[in-house]
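Enquirer: Got a sequence here, can you build the structure:
(chains A and B)
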Amino acid sequence: MDRLRVELSDRDLVQRCQAGQIEAFQDLVSRYHQKVYMVILGMVHNREDALEIAQETFFRAYRRINSFQGESSFYTWLYRIAVNIAIDLQRRQKRNPLDFREDMDSIVEEQGGVGRDPFSDAHDRELREKLVAAINELTPEHKAVIVLRTIEGLSYKDIGEILGCSEGTVMSRLHYARRKLQAKLRAFL
Amino acid sequence: MIDCKSASESLSAWLDGELRGSEAEAVGAHLDVCRQCAEQRRQMESLQAALKSALELQASSLRFEPFWRQVQERITEKRTWSAAMMDFMHSALAAPRLAWAIPVVIVALLGALSIVPAWRASRNSFASVESIDPYGRNVAVLRENETKTTVIWLYQNPEGENEPSSEAADSSSPSF
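Expert: Now for the predicted structure:
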């Protein structure tokens, strides 16, 4: 007879992890690895760097799990680690924006099926290229707010906690980033 | 009714559901009647959807098993003492645990303030008079260890001024 698998909350998993159960941490990684990867990829625009940072994020989270007191949610804490590493990398390493374009093209080719590619026609492909170029012109902090909001739909409060700034700053950064992207992409939207 | 400028400035927050009450209602009412601002809203939503699709597409290629193996390898690999120290510092200095650090810093500062004057005094005592002339009154040699300085005083002993000694006459003025 199959055992019913109970979905534990993040808090329960963190507590088990703090007690030394690595299986609990594995469950947390399983739960958040794609989202963390997406957030980082939206900021660094290079798959290899994004993968490296995502793995480093979980490694650091595991090592520091005992310092997590539960004042914020686990994912807020996790994203804070990820975003800080990504911002730090971007400040140290100014990559060529073309890297992301080449990356994106290769991914679409790997995916194969036209139906899986939201940018499958020429218009969408052009939009994607322009979108990437426009995002690359944003500062790491502006990239972070727009990616966190877009992917997770996080509240301004949560984004502020992750980035260590006020809700008002999040609001103004989002407004600025969107207007800038919109101005660059108006002809494609 | 708010104007286009106000609506445009609030549009981003309105789309995110971050406006409340009358402010949100005012933006909504403006969008219902202003085609230009409604178009702004459509473009912003389209932009959001395009970015989300692009990132979701890429993330869908990430497989859990190889990802977890890499993370697990990092966790289990032998770590350098400096990395372990950094983790300890990070854990110890986490905001909720900083409470203990404040009295420790104060005690350390007070300790340093009490030790420094005593230490300085002990350093200054390293100067000493090492030799006196055979008569014990006309020559003094001071050796100061900190600056490696030696000072020789030749002076006329006030008590010997009236003595008709040749040594006293030779050292009537200080020389260095």
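
Enquirer: Count the neighbours of A:Ile22 for me.
Expert: 13 (other C-beta atoms under 10 Å in any protein chain shown). C-beta coordinates here come from the backbone N, C-alpha and C atoms, glycine included.

Enquirer: same question but for B:Gln48, I mixed them up
Expert: Counted by other C-beta under 10 Å, the residues lying close to B:Gln48 total 18.

Enquirer: element containing it, please.
Expert: B:Gln48 is located in helix B:35-59, with elements delineated by DSSP states H and E.

Enquirer: Ok, B:Arg143 next?
Expert: Counting by DSSP H and E, B:Arg143 is found in strand B:139-144.

Enquirer: Tell me which other helices or strands the helix or strand following that strand touches.
Expert: Downstream of strand B:139-144, the next assigned helix or strand under DSSP H and E is strand B:149-154. Applying 3 or more C-beta pairs under 8 Å, 6 or more residues apart in numbering or on different chains; DSSP states H and E, one finds that strand B:149-154 contacts strand B:139-144.

Enquirer: in the strand it packs on, what's buried?
Expert: By neighbour count on 16 or more other C-beta atoms under 10 Å in any protein chain shown, the buried set for strand B:139-144 is B:139-140.

Enquirer: What pairs with that strand, parallel or antiparallel?
Expert: strand B:127-132 (antiparallel), strand B:149-154 (antiparallel) (DSSP bridges).

Enquirer: quick one: average pLDDT of it?
Expert: Summarised as a single mean, pLDDT over strand B:139-144 is 74.

Enquirer: can you tell me which residues contact A:Val14?
Expert: For A:Val14, the contacting residues are A:24, A:28, A:65, A:68, A:70, A:74, by C-beta atoms under 8 Å, 6 or more residues apart in numbering or on different chains.

Enquirer: ok, so what distance separates A:Tyr37 from B:Phe64?
Expert: As judged by C-beta to C-beta, to the nearest Å, A:Tyr37 and B:Phe64 stand 11 Å apart.

Enquirer: What of A:Ala19?
Expert: 23 Å.

Enquirer: Pick out whichever of the two has more residues nearby.
Expert: More crowded of A:Ala19 and B:Phe64, by other C-beta under 10 Å: B:Phe64, with 12 against 8.

Enquirer: Tell me where the model's unsure across the chain.
Expert: Here I'm looking at chain A. Applying pLDDT under 70 to chain A flags the ranges A:1-6, A:93-122.

Enquirer: please go with chain B instead
Expert: Chain B contains residues with pLDDT under 70 at B:78-80, B:83-84, B:87-99, B:120-137, B:145-146, B:155-176.

Enquirer: Surely A:Ile87 touches A:Pro140?
Expert: Yes - look at A:Ile87 against A:Pro140 with C-beta atoms under 8 Å: they come within range, at 4.3 Å.

Enquirer: Quick check: neighbours shared by these two?
Expert: Residues within reach of A:Ile87 and of A:Pro140 at once, by C-beta under 8 Å, 6+ apart, are A:Met43.

Enquirer: Comparing these two, which residue is more hemmed in?
Expert: Neighbours were counted for A:Ile87 and for A:Pro140 using other C-beta under 10 Å; A:Ile87 has more, 18 against 15.

Enquirer: ok, now which ones touch the more buried one?
Expert: Contacts of A:Ile87 (C-beta under 8 Å, 6+ apart): A:43, A:140-141, A:144.

Enquirer: Flag every buried residue along stretch A:123-142.
Expert: Here stretch A:123-142 shows A:124, A:127-132, A:134-136, A:138, A:141-142 as buried, counting by 16+ other C-beta under 10 Å.

Enquirer: Keep only the residues you listed that also lie close to chain B.
Expert: Applying C-beta under 8 Å from any C-beta of the partner chain to the buried residues of stretch A:123-142, one finds that A:127-128, A:131-132, A:135 fall near chain B.

Enquirer: Next step: those restricted to strands.
Expert: Under the assignment DSSP state E, these contribute nothing to strands.

Enquirer: Can you pull the residues of chain B lying near chain A?
Expert: Residues of chain B lying close to chain A by C-beta under 8 Å from any C-beta are B:9, B:12-13, B:16, B:18, B:40, B:42-44, B:46-48, B:50-62, B:64, B:67-68, B:70-72, B:74-75, B:87, B:90-91, B:94, B:96-97.
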